[in-house]
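1. need a 3D model of the following:
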Amino acid sequence: MEFSDEADVAKRLQETDNFLRLTKQAFEHEKAASDLMKDIHVEPSRGVLHRSAATLAWRCGLYDEAEKLVYRALAGDPRADIEWQLKDLLGTINLAKAGIHLSRGQLQFSLHGSEVGFGKALVTALTSRAPSIQKLLEISARSMLRKARDKVTGMLDDLGEVPVFIEGLEAGSCIVKLRLGEPNQEAFPGFGRFDEAIAPFMHKMRLLERGETYELEKTIQDPKEYRDFVNASITLAPDGDKISTVKFQAVVDEQLTVVSFSTTKSSLKDLPLPPIPSIESRLDVTEQDIVKTGVLLVGNADNAEKETECVLVTESGVKWHIEGDEDLKEEIVRKYYKRRIVVHGKRMKRARAVNHIQVSSVDNARLYAETDIQDKTTGAPKPLI
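-> Predicted coordinates:
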């Protein structure tokens, strides 16, 4: 343990040679201890020592030694949770032996439990959780883009769907790699890719696993977004039986970071969720003039207040709600329903979301003309020459 602690210090100081030397010394001592465990029934001590020795061997690049120690541990009678950890470590070792390592912007996702075999899982165990992971990563990506949006106002609204790709099934406890796609607009100043979204995602999942929901709610300030995050996590979470753990690994700040998510669905369902304020209390009109182009549709016109919900859908699929007097909205709908139009108005905000536009007269909406050319930076119409 002393050698291992010193190795961790050397790693933080970026003393690579010293880190490898100290880690090898720690491995030699831990392997010697595991060699003494001849009785396969001495658990959990035997499994823990072998797992520790194999981990140290992996850290200093002794992959064959690490693999032998894992197999020796699995040949005994390790406790169930240690068995899954050993199998997961074996998957990591196999990746390392094949020269496959996590790169910046990749997220490794693995499942553990009775529904998961060695390197395989039921399709439903994976596919049922895939939409939830995409939703969680999308919330993380948007939180990063909001910071960049302060420099280039309004581009977040046209982001559309954040693409998430599966990069291949690897050996282990059923491991896949995920990667966020590229933004579908020009990069923001100081923010070119979605790689930065992995770190806040890992942070949020760690807070949820620790039960630090107060901190999580402070991190996700938008009430609706917080509810979406928790609800997606419920779908993702293990049931405690068929799936016992959902594990994420990623490189954050040049360090391999691991979050083992074992909080069950039933526990998450008991979490209190913040109410979403009514639209009257959550909307404020800003002084910013904006122009949006899209197809006019009608949303829910049979809500409790019997209000017409005008929705403008842009080419990227983003929905803009047109706000104004009821008579005005009804007139716009009568004139332009299912037609492509240009809407001029004031930006409205709901917490940090900006999907509402205030209009003051029917003249704020007009049919789209093929000659319309918009400035991509401001969204304002350019004069045609």
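2. so what strands line up beside the host helix or strand of Lys247?
-> Using DSSP states H and E, Lys247 falls within strand 245-252. Paired strands of strand 245-252, with direction, are strand 106-112 (antiparallel), strand 255-261 (antiparallel) (DSSP bridges).
3. output it as CSV - backbone C-alpha positions only.
-> What follows is strand 245-252, C-alpha atoms only, in CSV (Å, rounded to 0.1, in the frame of the first residue of the first chain):
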residue,chain,number,x,y,z
THR,A,245,-24.4,-2.5,-12.0
VAL,A,246,-24.1,-0.1,-14.9
LYS,A,247,-20.6,1.2,-15.3
PHE,A,248,-19.0,4.1,-17.1
GLN,A,249,-15.4,4.7,-17.8
ALA,A,250,-13.9,7.8,-19.5
VAL,A,251,-10.7,9.8,-19.6
VAL,A,252,-11.2,13.0,-17.7
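4. what about that strand, distance to the chain center?
-> 11 Å (C-alpha atoms, centre = their mean, to the nearest Å).
5. list of residues touching it?
-> Applying C-beta atoms under 8 Å, 6 or more residues apart in numbering, the contact partners of strand 245-252 are 84, 88, 92, 102-104, 106-113, 129, 173, 198-199, 201-202, 205, 236-238, 256-262. The C-beta positions use only the backbone N, C-alpha and C, and glycine is treated the same way.
6. just the buried members of these?
-> Those of the contacts of strand 245-252 that meet the buried threshold are 84, 88, 92, 102, 106-113, 129, 173, 198-199, 201-202, 205, 236-238, 257, 259-262, by 16 or more other C-beta atoms under 10 Å.
7. secondary structure class for Glu6?
-> Following DSSP: H, G, I helix; E, B strand; the rest coil, we place Glu6 in the helix state.
8. again but with Leu328, I slipped
-> What three-state DSSP gives for Leu328 is helix.
9. quick check: closest non-adjacent residue to His41.
-> If the residues on either side of it in the chain are set aside, His41 comes closest to Asp77, at 6.0 Å by C-beta to C-beta, 6 or more residues apart in numbering.
10. in a strand, Gly294, correct?
-> Yes: checked against three-state DSSP, Gly294 lies within a strand.
11. that one: how many residues sit nearby?
-> Look at Gly294: counted by other C-beta atoms under 10 Å, it has 20 neighbours.
12. ok, it touching Leu312?
-> Yes: look at Gly294 against Leu312 with C-beta atoms under 8 Å: they come within range, at 4.3 Å.
13. what do the two both touch?
-> Trp320, Ile341, Val343.
14. need these in JSON lines (columns: neighbour count and secondary structure).
-> As requested, the shared contacts of Gly294 and Leu312 are exported to JSON lines (neighbours: other C-beta atoms under 10 Å; DSSP: H, G, I helix; E, B strand; the rest coil):
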{"residue": "Trp320", "neighbour count": "24", "secondary structure": "strand"}
{"residue": "Ile341", "neighbour count": "19", "secondary structure": "strand"}
{"residue": "Val343", "neighbour count": "22", "secondary structure": "strand"}
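15. from those residues, pick the one nearest Leu122.
-> Trp320 (40.9 Å; C-beta to C-beta).
16. show me the contacts for that closest one.
-> Asp157, Lys292, Gly294, Val311, Leu312, Val313, Thr314, Val343, Asn355, His356, Ile357.
17. how about a cut-off of 10 Å?
-> By C-beta atoms under 10 Å, 6 or more residues apart in numbering, the contact set of Trp320 is 157, 290, 292-294, 296, 310-314, 343, 345, 347-348, 354-357.
18. for it, give its distance to Thr314.
-> 7 Å (C-beta to C-beta, to the nearest Å).
19. cool, Lys38 as well?
-> 69 Å.
20. quick one: the strands in the protein, in order.
-> For the chain, strands defined by DSSP state E occupy the ranges 106-112, 116-117, 120-121, 164-170, 175-180, 245-252, 255-261, 283-298, 310-313, 319-323, 340-350, 353-358, 365-367.
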